[in-house]
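1. could you work out the structure for the sequence below:
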Amino acid sequence: MAIEQYYLTEQIQKELKYTNFKRNSSKSFSVLTEPGILRVDVMNQILQLFKGLGARKELGGSSIGRIRVESHNIMVKPASRQGISSAGLENEMVMVRNIEKYTKGGPVDIVIKHGNRRKTYKDIKEVREVGRDTAGGKKADVILVNSGNRQYPISIKQDNAVGWSSMDKDANAMTMVNLKLQEALDSGKVVLEEVSRGVAKIVPDLAFNVDSVTAKRAVFGTDNPIIVVRTFSDNDFNINDDGQLVITTSKLFKSMTDINNDKNAKPIWIVRNDKTRNVRGLPRGIRAMVVTQKRLTRQTFFMK
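-> Okay, the predicted model is just below:
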């Protein structure tokens, strides 16, 4: 007999004590979490609860993916999108929490790995969450601190992340983008339409290459962190036989050479619609960002 949606919500409410649900369709619903509760933890609980029914995690549905149980999709989303409930900060906190768990007993060596690639930090006593501090173009989301108080910045990207940087406040960059936009308009390959009260719409999205100086600033910022890509879960943090904390990642970037050698990570400009934006140097309703190649679609016009 096919599983009904009400059975899944009843089991979640009974066994896990989550009571706030949003029905998306007859085959899809969301479990809504309160601030301070990490959604990845809730997803892992639901996966375990329905393990016997073949529950599996899939990409899509939300920034941290979804759970598939037979023909049903289960998402975990914040009831409020403020504070820690934002996807990026939540991912940072999974990393911070797990590192803190292993540094409580004293300093520990930390190995961040992706396949055969490694980055080792010796004698780490503390981890700090700094993702909200972007002043001066900083990119780090967490900082590791060793016993000598040396600090090591790390930038964290989720597996489905496609953005490197919003450059709205960089006047020189916006001037250059506007020149490229005018060139594309003159070519007739893209057009600007006025949708309402001076708000413009670009059709289609415009993309073009980023110069090397801007690319490095957009990706590594002013604090030059290493970059790890992963939508973290507790299973990504383990102690090896040497007593080191090993953190498994999906990708590990230490330099622009690493970035440029990954075709999906290579930075590129995209000019797109965002009716909430009024950026100096660009038409109102138009936004420019440095993104990854994955952000481009078949409809995007790439100008060489």
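2. list the contacts for the closest residue to residue 227 other than its chain neighbours?
-> In space, and not counting its chain neighbours, residue 227 is closest to residue 253: 4.1 Å by Cβ to Cβ, 6 or more residues apart in numbering. Quick note: C-beta positions are derived from backbone N, CA and C, even for glycine. Going by Cβ atoms under 8 Å, 6 or more residues apart in numbering, residue 253 touches 219, 226-229, 259, 262, 265.
3. rerun that using 7 Å as the cut-off
-> Each residue near residue 253 by Cβ atoms under 7 Å, 6 or more residues apart in numbering is listed here: 226-227, 259, 265.
4. tell me which of these fall in helices.
-> Using DSSP state H, the subset of these located in helices is residue 259.
5. so which of the contacts of residue 253 wins on neighbours?
-> residue 227 (24 neighbours; other Cβ atoms under 10 Å).
6. is that one bridged to anything, and to what?
-> Here residue 227 sits in beta bridges with residue 155, residue 253, going by DSSP bridges.
7. pretty sure it sits against residue 161.
-> No. Counting by Cβ atoms under 7 Å, residue 227 does not reach residue 161; the two are 10.2 Å apart.
8. local confidence estimate at the residue nearest to residue 62 when sequence neighbours are not counted?
-> Spatial nearest neighbour of residue 62, excluding adjacent residues (Cβ to Cβ, 6+ apart): residue 75 at 4.8 Å. At residue 75, the model reports a pLDDT of 93.
9. isn't there a strand covering residue 75?
-> Yes. Residue 75 forms part of a strand when assessed by DSSP: H, G, I helix; E, B strand; the rest coil.
10. please tell me how far the residue nearest to residue 227 sits from residue 260.
-> Here the criterion is Cβ to Cβ, to the nearest Å. By it, residue 253 lies 10 Å from residue 260.
11. could you do residue 303 as well?
-> Counting by Cβ to Cβ, the gap from residue 303 to residue 260 is 20 Å.
12. C-alpha coordinates for the strand or helix carrying residue 164, CSV please?
-> Counting by DSSP states H and E, the element that carries residue 164 is strand 163-166. The C-alpha coordinates for strand 163-166 follow below in CSV (Å, rounded to 0.1, in the frame of the first residue of the first chain):
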residue,chain,number,x,y,z
GLY,A,163,27.8,32.9,-6.3
TRP,A,164,31.2,34.3,-5.6
SER,A,165,30.6,37.9,-4.8
SER,A,166,28.2,40.8,-5.0
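13. could you give me the buried positions within it?
-> The neighbour-count check on strand 163-166 (16 or more other Cβ atoms under 10 Å) flags 164-166 as buried.
14. does residue 149 count as helix, strand or coil?
-> coil.
15. begin at 39, not 1, for the rest of this chat.
-> Sure, I'll start counting at 39 from here, so that last one is residue 187.
16. could you report the neighbour count for it?
-> Residue 187: 8 surrounding residues under other Cβ under 10 Å.
17. okay, it and residue 169: tell me how far apart.
-> Residue 187 is 21 Å from residue 169, where distance means Cβ to Cβ.
18. try residue 51
-> Going from residue 51 to residue 169 by Cβ to Cβ gives 33 Å.
19. same question, residue 280
-> Distance from residue 280 to residue 169, by Cβ to Cβ: 30 Å.
20. more neighbours: which of those two?
-> residue 169 (19 against 8).
21. leaving out the residues flanking it, which one is nearest to that one?
-> Residue 169's closest residue in space is residue 179 (Cβ to Cβ, 6+ apart), at 4.0 Å.
22. that neighbour contacts residue 196, doesn't it?
-> No. Using Cβ under 7 Å, residue 179 is not in contact with residue 196, being 10.8 Å away.
23. more neighbours: which of those two?
-> Just comparing residue 179 and residue 196: by other Cβ under 10 Å the higher neighbour count belongs to residue 179, 27 against 18.
24. so for the strand or helix carrying residue 136, what gets flagged as buried?
-> Assigned by DSSP H and E, residue 136 falls within helix 125-141. Residues 125, 127-137, 140-141 are the ones in helix 125-141 that count as buried (16+ other Cβ under 10 Å).
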